[in-house]
Structures are given as C-alpha cells and as structure tokens.
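Asks: Build me a model from this:
(chains A, B and C)
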Amino acid sequence: MLEAVGLNAGYGDAPVLWDVNLTVREGELVAVVGPNGAGKTTLVNAVARLLPIRGGQLVFGGRDATRLTAQEMSALGVAIIPEGRRLFVHMTVEENLELGCYRREIRRARSQGLERVYAIFPILAERRRQIAGTMSGGQQQMIAIGRALMAQPKLLLVDEPSLGLAPLVVEQVFDVLRDIHGAGVSMLLIEQNVSKALEVAQRAYVLENGRIAAEGRPASLLALPALRAAYLGLDAEPV
Amino acid sequence: MPSATLLGQSVLSGVLVGGLYALMGVGLSLSWAFLRLINLAHLALVFLAAYLTYALAEGAHMSPFLAMLLLVPPFFVIGVALQWLFARFKVDEFGSVLATFGLMVIVESVIQGIWTADFRRLETPLSTASWRVGPIFVPVSESIMFIVAVALLVAIWAWLRFTYVGKAMRASAENPDIAAAFGVNHARLALLMAGVAASSACIAGGFIALIATLAPSQIYAWVGVIFATVIMGGLGNPLGILAAGLLIGVSEAVTMALTAPSWAPLVSFTLLILILILRPGRA
Amino acid sequence: MNARAIRPAFYVGAGILLAGLPLAQPPAFFESFLYLVFFWIALATSWAILSGFSGYFSFGHGAFFGAGMYTLANLTTNLDLPFGWSLLASGVAAALLGLGVGAVVFRVRRLRGELFALLTLAVTFVLATIVLNTPLDGGPGVFMSASVLPRIYESPSGTIYLFGLGIAALSLATARIVQYTRLGRGLFAISDDEDVAEVLGVPTFGYKLAAVGLAGFLAGVAGGIHAVFVSYVTVAETFSITVPLFVVLMSVLGGARHWFGPAIGATLVTALTYAFVGGEWAVFGRGLIGVTLVAAVLFLPHGIMGLVASRRKRPPPPAIPAEPPAPSQAAHAPSHKPLLVCQDVRLSFQGVKALAGVSLDVRAGEILGLVGPNGSGKSTLINVISGYYRRQSGRILLEGQDLSRRPGHRIARIGVGRTYQIPRPFRRLNVLENVALYATFGAAGLERAAAERAALYWLGFVGLGDRAHALPLELNLHQRKFLELARALASGARLILLDEILAGLTPAEIDNAIALIRRIQAAGATIVFVEHNMRAVVALADRVVVLNHGEVIASGLPKDVMADPAVVAAYLGKSHA
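Replies: Numbering: from 1, shown residues only, chains lettered A, B, ... in the order given. Sure, this is the predicted structure:
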C-alpha cells in the first residue's frame, strides 16, 4: 500500500533521512522505532507530504506520491496523528473532530463519525464544547486520534502517541490503536517506547541516524544487538 | 457635572460611533488573524468606498444604500487581488505594514487627485433626521449604520463559528500544516477572507459617506482608534471587536462630555498602551 | 596616503565647504532645500540607530521630534531662554521620553515587531493629545520668531541651514560610531535573535535603552531646529503621521542597517517631494512616495545600501592565526573539584514540572553527558544554567558564584557558553562576525581586532576558516553546528554546554565532531553535553547523568549507568528492565 524507495528528506537544507526503504502492506501495522533524533518524525512528515522529499520515491496505493501536496495525500486516504498531537488548541473538541472530515466527499459522514469517536472516547462526548487546549494530555491524544478517524483513513500515520502520557493512558491509547487496526486500517506507527510498539506491531524497522538499521518481526528485533545499541550505546563497535 | 440628559446623549453617541469603529476594524482584524497581514490599506479602502458612494449618490442621484451594495463586488475583487499580490511576493507581517502604508498613501493621493482636499458632505434627507426618545435625540442614519454593523459582525462571527469554511479558516490560522493534512487549502481560503475583509471596508465606507464629512486626510485620523479597537477586541474575533468598539466609543464620548472634545483620543490610546503592556500572551 | 587616512580628511573638508556655503549668498530657496535634506537626514538616521540597527521598528519618531519642537518653542518663546541651552534641552527632553517608554516596553518580551511599532504610534498620539490640551500648546499653536536664533550668518535662513548641517553631521557621526563599536554589534545581534544575544553576553536591555536614548536626543534636537524653520508650531502638523511615514520610507529605501543608508533615502525622497512642490503636482508626489514604498518592500527589502553590500566582492578568506589568542587555560585532567554545582533546581511551566529538584556537580575539566528520554528536562536545564529561563528555586553555583539570580548576559560574562540544538546563527552577520561577537561579549571580553583574531583561530580550529566571509545560510547543517561550536569556544567560557550537537549529522560527521570535542577538552574546557546518540555518549563522556521526568535517576561512569535497570526501563519501557 505504501512504499518508500531510497527516500531522502529533511528540514530546510538539513538532511535528516538517507536512503530509507520501507513498506506498509494493506492491513498491516508497521512500527518504526529508534532513538530521539533518528529521523522518525521526519519520516512521518515526509510521507504525509508536509516536508519536501529530496530524493527517492514514495508510492501510495500504486501511484507515485512523491510530488503530491499534503492536501492531495489526505484526499487519497492518508491521515496523521502527529507528534505532540498538534490540535487546533483554541477550538472546541467537536470542532477539532469536524476538521477531520473537512474534505467535501466525507462531510456527510460527519454524524456517523462523531458517534463512532464518542463511542470509543465517551469523555470527549461529555466535553464536546470544551476548548481543546484546556484538556489534559491524555484527552488531547484522544482528540488527535478521533480527528484522524473522522478522515476515514486507509493509512494512518501515528507519531509518538505515548509521548508525555501517564502509563495507564498509554495502555488505553494502544488498545484503541489496536482496535482501529483490527477494523482494517493500515498503520505506520512511530514510537520511542520500544516495548509498547513491538507489542502491537506485525513488522518493525529500527531507524538510527536517519538510516534503517534493522528490519523484521518484533520478537527477532528485540533480541537484536543493533536495537540495544541504538538505544543504549552498548554492545556495539566503537563509533 | 453635565446633566443626565447630556450624559445619556453622550453614551448613545458613544455606542453608535463604537459600532462604526467595530465595522471599520473588523476587516483589519480578520486579515491580521487569518492572513497574518497588518493591512493599513484597509482604512484607505474604507475611504475610497466612502468617496465612491458619495460620487454615486451625489453625482448619479443614486440611493446611497444601493450605491454601497453595488460597490461590494468590485471591492471583493480588490481584496482578492491584493491578497494574491502579497502571497505572490511572500510579504511577511512586518513588510505588510510598510507596503500597505504605501498603498494607503497612494489611495489618499488618488482620492485627493479626483475629489481635491476640500471637505465633502453628502446631503440626504436622512442625514439630519432623528427620532426623539424622551429627552434624547436618536439620529436615523447612525442608527441604521449601527444595526447593519451589528448584523454584519454577528454574521461574520457565525460564519467563522458554524460553517466548515469558517472552522477551516480558524484551524488553518492556528496550524496550517496539519490543517492541510486534513484537506484544507489555505491559499484559497485566504483569497476568500481577503475579499470578505475588503467588502466590509466597502460597507463601512458607505456609512461614513452617509454620516460624516469626508476629507482625504481623514484616513490617517482613524488609524489609532481603529487599531486600539482591533487589538482590544482580540484578533479575528468579531464579537470582541464589537465590545471593544462600544467600550472605546462610550468612554470617549463620556470623556468629551466631562472635559473637552480634544481630550477624547487620550482615552483610546491610553487603553491601547495599557492593553499592549499588561495583556498576557500574544495579541 | 592610504584610504583610511584620506576618509576623515574628506569628511571634514566636505563639512567645512558646506558650512561656508551661506557666505556665497546662494538663493534662499536653495538654502531651505538643503536645510530640508539635512533635517530629514538627521531624522532618518536617528531613527535607524534605534529601529534599523536593533530591528525595533518605531512609528513613534514623531513623538521624539515633537517633544523637541515643543520644548524649544516653549523655552525660547515663553521663558526667553537662550537658543543653545533650549536646543540642548529639546534633545534631552526627547531622550528622556525615549528612555521612559523604553524602560517600560523593553521589559516585555512580547512587545517586539509590529506590536512595538503600534505602541510607539499610540505614544505619539497620547503625547499629541496632552500637548494640545495643556499650556504647552493650548490649541492655537505656538508662533516662533527667528530672532531667537544666534546671529552666525547675516540671514536667519543661513543660520538655520548651518544648524541643520550640524545636526545631520552629528547624527551621521553618531550612527557611524555606533555601527562600528560594541553597541552597534550588540544591536545588530539583537535584531537577528535577541534571546541568543542576551545569553551570549549582550546586555540587551541596556543596549536598547542606549539606542532609544540616542535616537530620541538626535530627533529632539532636529525638532528644536525645525521649530524655528517652520516658525509656527501646531499639534496637527507636528504629530501627523507624515513624520514616521517619511522616516521609515527613507530608511527602508536607503537601507536601515547601514549608517549611511538613511541619508541616501532622505536625499532621494526630499528631492522627489521638492520637485513636485505646489498645486496638483503635490498630490502626484505623495502618490509617488506611496508607490516607492510599496516597490521598496517588494523588490528592495534591504534598501540601496543592502543592494550595494550584496554586490560587493568578498575578500579572500583571511589567514588563520596559529596560536590561540588568549593564553589558554592550563590543561588539566578531570579533577574532583566541582566547577558547576546545581542544588535542588526546580522549574515548572503552568503547573507541569520540567525540573523537579535537580542536583548535580560538573567537575572541572570533565566531559559530562546529560541524557534522558524526550521531555525529561535536559534542554530546560541547559536553558536555566545559561540564564534563558529563571529557576523557581534552588541554586546554581559556578566556582562558588551564584548564577541563578543573574540575567543571561552576566552569566555569559562569568564564563558559561552554549550551543543550540537547532543552530541559531545571526543570519545577517557573516560567519566571522558571528564568532567575533562571542569573543567580544563573552567571558573573553576582547576588543575588536583581538576578537577577530580569536574568531579566526577558532574557525580554523573547527575547520571553517575558509568560510569566514560566508553568511550562515550558505553553510550546511554540519557546518552550522560547527559554527555553533566555534562561537561557544570563542566566548572564552570555562563551562561549555552543548545541546545535541550531533543530532542530524552523518556517521562520518559524528566521528569528526567527537574528535573535535576531545580536542576542546584537551585545551582545558569543561563540557556538558546533551545527546541522544548513545554511542557518542559512551565514547565521549567521563561521567553520565540521566534525567527522567525532571529528576536525576542515575549518574556515574557511562557503562555502569547504561546497565542500570532504572535507565533501561526509562528508555526501553518497563518490561525489559
């Protein structure tokens, strides 16, 4: 469904990703783990077309997406749960959700979508008129998830959903993500919390210093010295 | 101490002029909040519209209200064209102050070139008419202006608050990247918003022609008080602007009644300075 | 004679010639035209000292000018004070006004850019209202008589001309001196990135006050002279929007970041308006000024002087001095004497604890790695030590001196230097100027020539010697990170804080950087570095401190700390502990 071939990307003129090859198949949940500063968020933003791609190719649903805009990407069915949530903090909970279904084609599914999101997160229904920026971190993450769901995505890009959340909330968030995946949405999950990510993923990549350092099934990756090295700097050749 | 009647009359005229401040300021506020442009030329557009209304009403004997309405579409186009130009040259917030300052001077000299620097006053049956409510006189044309202003501000508020386009506009102002990732086309919305702002300038100008004496240099006289209204009201918030306009209008009118008319500007500008210094967060 | 010696002689010669002009008895309109040119040169140049150099665009120049005008008019006409003293008082009154406004406004971090511009405009209108309603004016305006002037030349117009020339020359000289001294360097830094400027050692508040004081004084004196020229002072004319408009236009057109730019703009615009004086043409002239302003913003954003500067050919890269400029600190092995001590440092943002009581020591000469997951408070700690944030409680001592209550620029002078995770060079200063700024304002405190030598040395040290004249935006990320490093080194800091200096670099560049950091340590510096690249941490650090949720959860030798179950849990999640 999504394929990156030799992808290069970065901010301004500063390269962050080098030669990244990555695939997400239809219905698959793929995790990308790696230490801070490895380029995970850059990868998500490049796929969402929020950042220019400087080299390589991005293919989505069989067509070349390397030169598409973020808007066109969303029309193809890619939605994002961005790092740090990036809600419209001065707007209400419900308005944030409604922006998820801003695209003309899906506007009529508004009430169904809201019903679905409110069923998953009842607290959001109670607080629908509250300003998003005044909610707790966990509730804000729920809004971000809900907003992406409203877009009826085929592929969901999830960037660091556990960031800054209490352990109990992290559990809840991952349960929901697992359910969404269970309902047939493909997912690219970026996560710093390795154990959580590898628990839910079917396949995973380890990103280190802007390059893919390893790829495989979660169980095999956890045993990998490369992973421990990327995180803790141990058991590796001198730099 | 002035009499209660005089005070009442002052408060009323303050309320009415406050509505005018809000009507003139709303476009400025919208483009500042949603387009990140501080459009000083907005006030020049207001006066251009005022002179055109004057010309159509005085020269072509048209009803000033019809003239106003006829002018809205061309002003919408002017707004769109200016926004296109600013976006094309990637003018930033600060550059926009300078560039629109220049535009303001251009419009002023065009006005002066066509209509000269003389004072102009549109004489219609409405301009001197007033209703009497108890001891207080209620001027008719000012009242119509006030009603239109309130209706327009509420309509813009509702547009921003309840429609998809309005919500997308607010979302895009806050976080253009993420809004784009959910399908919002900021560039197109910006053109629309610029057109709406310019249209509001046209309406405001039409009423100025109806209730005030026109002179090209008047353009600058309004800058301070309109900015005070816009900043006090909160950017991009039409109801806030209405409240700020009323507050400034009434406090000015009461100051005038209690002291001398020439002290009036002190109130609005002191308020503006205090708000800038004391208000937490971004204006 | 070389060019350096000819230049001052040229300026003085031109000044004497111009000053003697009235002796030739030129036609009166010629004198008054030249006077107007001088008058606008003085106003535009004084505006540029504040707004062009520091980036604080003011629309309130009319307030300074008006304060000067009314001071002179009242002192000479109502109090019969002599002209010279009244003129001085005009300048002082306007300077005091500027200092008063600045003392309030410059304390508010938020009031930059367009909000500052609006605020100064509002101050102008408040002042106008007060003048109008008090005996300073009272409504009808103040008539001036030319008899208040001292008789230097036969005709009053000749004398006014001479005063105009004087204030223009004084403004230009002031602007030139400011531009090439510490004050100017500091103001340029403020205009590019005020927060970085403060933390590197520029006393930003004091410098901004100095700039507004100078600008006010010069504009006030110009206003005082102009009061005699117009001979009838009214509120409507004095405080009209034209003064700030013209001043901004002239400076932007000529180039507000160069002492001579506003003078070019002032001459052009004055000539332009003079050409269209009278009747229908005046309207056309104003319109043309509007067009010029729009065109200048769209096509010439840096003004004529900016265009000249960008066309000028760059000199070849200078030679790199072989020796470090200042006697380098005695190199010593990591000792146990603490250089920096943090005791129970706490800071919360809106109730969220960023630092929940951090205590740690940094020993002289060591490399301390500061690590922890996202949001653990590492960068916040760097920001607190360097003075960008102020801690809410706890103490921070550098060799026994308490840093925690001092402003950022004092901390830099005491000896703390830092780099930024995302490099924050001053984008309109070249690489050499960027580094020299640190040598000037940091702990090294070098004079101009010495600062440049030091900057070159450290640029050579990090391998950027051949890019000395490049602008920061022409460098790639790797080079910009090394520019950050050179800046911190040139500051002469005893303690250098490196914030994710390796992030975004390729493996080969990382190796290069690690070798460089080792050389820095060998030269005697103490280094704290925040880093996510754990291989680099293990390779470089003498000791490691781990933060999590704003608290120190472990510290010690890298190998030991990385095997600590609490650390593994913080990084990999509980189940792998």
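
Asks: what's the burial count for the nearest residue to A:Ile131 once chain neighbours are set aside?
Replies: Nearest residue to A:Ile131, sequence neighbours excluded (CB to CB, 6 or more residues apart in numbering or on different chains): A:Thr92, at 6.0 Å. Backbone N, C-alpha and C define where each C-beta goes, glycine included. Neighbours of A:Thr92 under the rule other CB atoms under 10 Å in any protein chain shown: 18.

Asks: ditto for B:Ala60
Replies: By the measure other CB under 10 Å, the count of residues near B:Ala60 is 9.

Asks: that older thread, may I have the residues that are in contact with the residue nearest to A:Ile131?
Replies: Residues near A:Thr92 by CB atoms under 8 Å, 6 or more residues apart in numbering or on different chains: A:Arg128, A:Arg129, A:Gln130, A:Ile131, A:Ala132.

Asks: Report whether the host helix or strand of C:Leu36 contacts chain B.
Replies: Here C:Leu36 sits within helix C:28-47, counting by DSSP states H and E. No: using CB under 8 Å from any CB of the partner chain, we find that helix C:28-47 stays clear of chain B, coming within 13.3 Å at best.

Asks: quick one: the strands in chain A?
Replies: Along chain A, the segments classed as strands by DSSP state E run A:2-11, A:14-24, A:29-33, A:53-60, A:63-64, A:78-81, A:155-159, A:186-191, A:203-208, A:211-216.

Asks: State the number of residues packed around the closest residue to chain A within the stretch 351-500 of chain C.
Replies: Relative to chain A, the nearest point of the stretch 351-500 of chain C is C:Leu477 (3.5 Å; CB to the nearest CB). For C:Leu477, the neighbour count with other CB under 10 Å is 21.

Asks: give me phi/psi at it?
Replies: Main-chain torsions, C:Leu477, degrees, to the nearest 10: phi -60, psi -40.

Asks: Was I right to think it contacts C:Leu505?
Replies: Yes: here C:Leu477 reaches C:Leu505: they are 7.5 Å apart, a contact under CB atoms under 8 Å.

Asks: Now tell me which helix or strand of chain C has the poorest mean pLDDT.
Replies: helix C:565-572 (a mean of 76; mean pLDDT, DSSP states H and E).

Asks: That should have said chain B, apologies.
Replies: helix B:125-128 (a mean of 78).

Asks: Downstream of it, the next helix or strand is which one?
Replies: Past helix B:125-128, the next helix or strand by DSSP H and E is strand B:130-133.

Asks: Stretch C:457-469: which residues count as buried?
Replies: C:Tyr457, C:Trp458, C:Leu459, C:Gly460, C:Phe461, C:Val462, C:Leu464, C:Gly465, C:Arg467, C:Ala468 (16 or more other CB atoms under 10 Å in any protein chain shown).

Asks: count of neighbours near whatever residue of the stretch 351-500 of chain C ends up closest to chain B?
Replies: Among the residues of the stretch 351-500 of chain C, C:Arg427 lies nearest to chain B; the distance is 14.1 Å by CB to the nearest CB. Using other CB under 10 Å, C:Arg427 has 11 other residues around it.

Asks: How about C:Ile177?
Replies: So C:Ile177, with other CB under 10 Å, has 13 neighbours.
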